[in-house]
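In: Dropping the sequence and predicted coords here.
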Amino acid sequence: MKSIEQIMRHDHERLDVLLEAGAKAVREGLWHEATDLLQRFRHGMVDGHMMVEETMLFPAFEAQEGNDDLPLTALLRKGHRDLRVFFLEMEEAIGARDAEEYSALLSTVQAILKHHDAKEEKELYPHLAEALSDQGQLAGQTILSRQETAALPGRSQKFDV
């Protein structure tokens, strides 16, 4: 079985690929494809990755630390809230076929994700296996079950447990 840390890192990479594929579609003026890719990225990020972190991983980490008001998880939750707003704005830019606005939003989102993902990977994920009673098996299976619906056409991005 892959560790929850490995699964979450891989999910970051998988989602980055989807985001970049959507950016390429915008650059090429393939608006329908861009809409589809952003929708799959957002679903994978919000309904998969962030949901698992917010409902399973953050609470387990906070319980392990004996504090449900940790600066790290508070910062990560705020990042999730901010990103959700940007994702909606990106959707609006695609709907308006505004490549310039989309590009500006994408640049901001990529900068936020780079910092956010690095923080999770260095400060949170290494401690998850010991914080979760099942070493992250349920969280990992939840992430994996959502990966297939957000895969790029013709490419499986599933990461076996």
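Out: In hand now; what should we look at? Remember, it's a predicted structure, so these values are computed and weren't measured experimentally. Numbers count the residues shown, from 1 in each chain.
In: In the chain, where is pLDDT below threshold?
Out: Across the chain, the ranges flagged by pLDDT under 70 are 1, 148-161.
In: what ranges do the helices span in it?
Out: Ranges of helices in the chain, per DSSP state H, are 4-27, 31-42, 51-52, 58-65, 71-95, 99-119, 128-131, 137-147.
In: Roughly how far does the most centrally placed residue in the chain sit from residue 31?
Out: Nearest residue to the geometric centre of the chain (C-alpha atoms, centre = their mean): residue 45, 3.6 Å. Per C-beta to C-beta, to the nearest Å, residue 45 is found 21 Å from residue 31. Where C-beta positions appear, they are placed from N, C-alpha and C, glycine not excepted.
In: for residue 60, same thing?
Out: Taken as C-beta to C-beta, the span from residue 60 to residue 31 is 41 Å.
In: okay, those two: which has more neighbours?
Out: residue 60 (20 against 15; other C-beta atoms under 10 Å).
In: neighbours around residue 106, how many?
Out: Neighbour tally, residue 106, other C-beta under 10 Å: 21.
In: right, and it touches residue 23 too?
Out: Yes: taking contacts as C-beta atoms under 8 Å, residue 106 lies within contact range of residue 23: 5.4 Å.
In: Mutual contacts of the two, please.
Out: Taking C-beta atoms under 8 Å, 6 or more residues apart in numbering as the contact rule, residue 106 and residue 23 touch no residue in common.
In: give the contact list for the closest residue in space to residue 27 that isn't next to it in sequence.
Out: Leaving aside its sequence neighbours, residue 27 sits nearest to residue 99 (C-beta to C-beta, 6 or more residues apart in numbering; 6.8 Å). Contact analysis of residue 99 by C-beta under 8 Å, 6+ apart lists 26, 27, 29, 93.
In: now swap in residue 15 and tell me
Out: 41, 44, 45, 49, 150.
In: Of the residues you listed, just say which sits nearest to residue 117.
Out: residue 49 (10.0 Å; C-beta to C-beta).
In: what about residue 59, how many neighbours?
Out: Count around residue 59 with other C-beta under 10 Å applied: 15.
In: Touching, it and residue 68? I think so.
Out: Yes: the criterion here is C-beta under 8 Å, and residue 59 meets it with residue 68 at 7.5 Å.
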